[in-house]
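Undergrad: build the 3D model from these lines:
(2 chains)
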Amino acid sequence: MKFKALTAAVAIVALPVTVLADPDDDKLIINGEIEMISVTKAPEHVENLDTIYSGWHFRTDETQALQIDDFDNPAMIFVDQAADIYETVDGAAGKSCASCHDAVESFAGLHAQMPKVDPETGKLVVMEDLINECRTERMEADAWKWSGADMQGMVALIGLQSRGMPMNVAIDGPAAPYWEQGKEMYYTRYGQLELSCANCHEENYGNMIRADHLSQGMINGFPTYRLKQAKLISRHNRFRGCIRDTRAETFAEGSDEFRALELYVASRGNGLSVETPAVRQ
Amino acid sequence: MTNALKLGLAGMLCASAAMAGEIKPKDVSFSDGAIEQSLTGAPGDPEKGAMIVGDKSMGNCVACHQVSALADVPFQGEVGPPLDGAGDRWTEAELRGLVANAKMTFEGTVMPAFYKVDGFIRPGDAYTGKAPSGPIEPILSAQDVEDVVAFLMTLKEE
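TA: Residues are numbered from 1 along each chain as shown, chains lettered A, B, ... in the order given. Purely as a prediction, here's the structure:
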């Protein structure tokens, strides 16, 4: 008995990597009823992957558990705050979101198609752009900071209305040049470390880099609650952090470069369920 | 002049001679990915090399490579091959080339170049995310590279 226990202990010490390697095969079901598509066939435009995985599959059981019940999900406090803000008048025009829009449930499906090209201006817009346009143009209120708690709470609240629906961003027609720009960025080896998104998230997903289990870098769970930072993290904030960590001069949150990268990275996850607000390490 | 002072002066002269003889990143010459000549002319210190390989703020080699000899360093990565036996598989000159700029040996490798100062896309000021304020320094100094190579040469399969 004693000998067996010792053998088991040795095995664990000798094989830490094997235990953690590859995405796990757990099933993501939220609140015991919403069956999420967290693993599926890669879309045709993703040339180098056969299967796409939600980042949820690369996290520990403890972190995974925080996302499967909304009562345990620490992001829901911020989503609840956003639901209050949705009804609250702000700005010179004396309006709230609810003054013009139906209940927030009316946004079901929007997140799954974002980013998209504004047919009037021809510009690529992300959810933060739509929210700030409403605030400044119609509410005559101040624009929110890109990664502020107000903004990311609202992005998550609107995104939550699409939870479970498969991501389905358009990459053709007017979106095509933005998509190409984002793809070019995805494969560019930035910084003094000369690392591209693909070096880690396409060539090495499933592998450990120091204490971090590399995922495919999917953004279907964003804004995502990051335990490390104890708040909702925006997509552009995460892009910025990754590029900074290549010892590069990064791009700004809300820059056109990051809008294009967001479109491309979102398109790599076409077919995965919208998961926001996800919980990650 | 006391003997101790003489020795001290001699030491300083040696140190400055080594600095003067240092091969700068832009002057390194590779042959088939290897660098034959020591970057400093002084032998590397394998113990310092071991520290650099394991230290997050130095080489941080273990972020991507496993090294059984450094079993006390936690969270060893698996992006690159394990370094066990590196001293058998490669010559000193080949290891020097791999540490300085592995792309000269393996085209397109993920591995960053640790003794290179130009040819980057949007290089930053270390990990600040900002543009550099002056010339870019290599991630490791010439002596650091020599120390790492000296350590790697000790990694033999038994």
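
Undergrad: correct me if wrong: B:S68 contacts B:D84.
TA: Yes: between B:S68 and B:D84 there is a contact under CB atoms under 8 Å: 5.1 Å. For the C-beta atoms, the positions are set from N, CA and C on the backbone; glycine is no exception.

Undergrad: residue boundaries of the helices in the chain?
TA: Went with chain A since none was named. Assigned by DSSP state H, the helices in chain A fall at A:2-14, A:16-20, A:61-65, A:76-86, A:97-100, A:127-133, A:149-160, A:176-186, A:197-201, A:235-244, A:256-268.

Undergrad: could you do chain B instead?
TA: B:3-20, B:46-54, B:86-89, B:92-101, B:142-153.

Undergrad: ranking those helices by mean pLDDT, which is last?
TA: For these, mean pLDDT drops lowest on helix B:3-20, to a mean of 49.

Undergrad: what number of residues lie near residue 42?
TA: Using chain A. Neighbours of A:A42 under the rule other CB atoms under 10 Å in any protein chain shown: 18.

Undergrad: let me rephrase: I mean chain B.
TA: Using other CB under 10 Å, B:A42 has 18 neighbouring residues.

Undergrad: got any ranges where chain A has weak pLDDT?
TA: In the predicted model of chain A, residues A:1-21 satisfy pLDDT under 70.

Undergrad: interface residues of it facing chain B?
TA: Contact residues, chain A versus chain B (CB under 8 Å from any CB of the partner chain): A:17, A:21, A:188-195, A:199-200, A:203-204, A:207-211, A:214, A:240, A:243-250.

Undergrad: quick check: phi and psi on the residue nearest to A:I52 when sequence neighbours are not counted?
TA: Closest residue to A:I52 apart from its sequence neighbours, by CB to CB, 6 or more residues apart in numbering or on different chains: A:A42 at 4.8 Å. In terms of degrees, to the nearest 10, the main-chain angles of A:A42 are phi -70, psi 140.

Undergrad: for A:A42, which residues are in contact?
TA: With contact taken as CB atoms under 8 Å, 6 or more residues apart in numbering or on different chains, A:A42 is in contact with A:49-52, A:268, A:271.

Undergrad: ok, now B:E157?
TA: For B:E157, the contact set (CB under 8 Å, 6+ apart) comprises B:84-85, B:88.

Undergrad: what's around residue 155, how many residues?
TA: Just going to use chain A. By the criterion of other CB under 10 Å, A:V155 has 29 neighbours.

Undergrad: let's do chain B instead
TA: As a burial measure, B:L155 scores 23 neighbours (other CB under 10 Å).

Undergrad: stretch A:69-85: which residues count as buried?
TA: A:73-76, A:78-79, A:82-83, A:85 (16 or more other CB atoms under 10 Å in any protein chain shown).

Undergrad: distance between the ends of it?
TA: Start-to-end span of stretch A:69-85 (CA to CA, to the nearest Å) is 24 Å.

Undergrad: just checking, B:M153 touches B:L95?
TA: Yes: if you go by CB under 8 Å, B:M153 and B:L95 touch, sitting 6.8 Å apart.

Undergrad: of these two, who's got more company?
TA: Between B:M153 and B:L95, counting by other CB under 10 Å, B:L95 is the more crowded of the two (25 against 19).

Undergrad: need the contact list for residue 149.
TA: You didn't pick a chain, so chain A it is. Residues counted as contacts of A:A149 (CB under 8 Å, 6+ apart) are A:78, A:81, A:231-232.

Undergrad: meant chain B actually
TA: Counting by CB under 8 Å, 6+ apart, B:V149 has contacts B:44, B:49, B:92, B:95-96, B:99.

Undergrad: let's have the residues you listed in a markdown table, adding distance to chain A.
TA: Listed next are the contacts of B:V149 as a markdown table, based on distance: CB to the nearest CB, whole Å:
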| residue | distance to chain A |
| --- | --- |
| B:G44 | 23 |
| B:G49 | 19 |
| B:E92 | 25 |
| B:L95 | 20 |
| B:R96 | 19 |
| B:V99 | 14 |
